[in-house]
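**Student:** Predicted model, plus sequence, below.
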Amino acid sequence: MTGEGRLAQIFRHPIKAHGREELASVRLSEGEAMPWDRHWAVAHDLSKFDPGAPSWMPCINFQRAARSPSLMAIEARFDAVSGEMQLTHPELAPLRFNPETEGQKLIDWVLPISPQLRFRPVALVRAPGRAMTDTAWPSISIKNLASNLALGKKMKRDLSIHRWRGNLWIDGFAAWEEMTWIGRRLRIGATMLEIRERVGRCRATMSNPETGQVDADTLDALMETVGVQDFGVFGVVLEGGEIRAGDRVEVLV
């Protein structure tokens, strides 16, 4: 063991780029993404996603906050038992719908804060058995609270952690320490993850998660601070199990 901290917060994003939801606990499975995280995505009018042969595709095929910054202000709540999704946004009326049967309701709801010409949202889609993660493999994104605090100090402002759309937020480690973990393993509660790569960032992180307005040059700040536009790391689940906020996090050799 080389160091330890704790799991501070857990988040999932049921519809890719369309809302975040905090969880008290979650059960992870070997080789799989977080349950219901990026389970759906919103295809735009130039997407190459094929509903007749659904499969994982890169994020350029879906509506995302890098192109539609206002999406960053969406919050979500999903009931896996009833199948009901609730979405809120400061500029829109709250929405309740079933993503499996009422996808058009989401398209109509999000259209006012979406591109009006190219890249218009057209369909809520999913690939059975495969989350639309930002990696070509089922990943869990891990972020360090100390790194977010350090970048905020560099920028002389408070930075919401929601700019980074992470799954697992950890505490008790030095700022940017996670950048050295590639190839190492993390023991989090009853689970084991292997860290595979850093998370490259895009313009979405420049938008305020409360307002959806671009208000911070996070990308330049990352370049000045760590020399790359990366924040956080991606891991794969090697051993599944339940994790809860407050669980111990151990960095293993």
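**Tutor:** Structure's in. What do you need?
**Student:** With adjacent residues omitted, what lies nearest to the residue nearest the centre of the chain?
**Tutor:** Centroid-nearest residue in the chain, with C-alpha atoms, centre = their mean: R165, separated by 3.5 Å. With sequence-adjacent residues excluded and distances taken as C-beta to C-beta, 6 or more residues apart in numbering, R165 is closest to H13, at 6.0 Å. No exception for glycine: its C-beta is placed from N, CA and C like everyone else's.
**Student:** so that neighbour makes contact with D37?
**Tutor:** Yes: counting by C-beta atoms under 8 Å, H13 sits close enough to D37 to count as a contact (5.8 Å).
**Student:** The helix or strand hosting I10 - what's its average pLDDT?
**Tutor:** According to DSSP states H and E, I10 maps onto strand 3-12. For strand 3-12, the mean pLDDT works out to 96.
**Student:** Please report the distance of I15 from G232.
**Tutor:** Distance of I15 to G232, computed by C-beta to C-beta, to the nearest Å: 20 Å.
**Student:** Compare neighbour counts for these two and give me the winner.
**Tutor:** Legend: neighbour count by other C-beta atoms under 10 Å for I15 and G232, higher for I15 (28 against 23).
**Student:** What's opposite that one in the beta bridge?
**Tutor:** The partner list for I15 in beta bridges (DSSP bridges) reads W40.
**Student:** before we move on, what about the one 10 residues further on?
**Tutor:** Judged by DSSP bridges, the bridge partners of S25 are R244.
**Student:** That one touches L7, doesn't it?
**Tutor:** No: using C-beta under 8 Å, S25 makes no contact with L7, being 9.8 Å away.
**Student:** Show me which of those two is the more surrounded one.
**Tutor:** L7 (23 against 13).
**Student:** Could you double-check that that one lies in contact with L168?
**Tutor:** Yes: counting by C-beta under 8 Å, L7 does reach L168; the two are 6.2 Å apart.
**Student:** What sits closest to Q63 if chain neighbours are left out?
**Tutor:** Leaving aside its chain neighbours, Q63 sits nearest to V42 (4.1 Å; criterion: C-beta to C-beta, 6+ apart).
**Student:** State the helix or strand in which that neighbour lies.
**Tutor:** Using DSSP H and E, V42 sits in strand 41-44.
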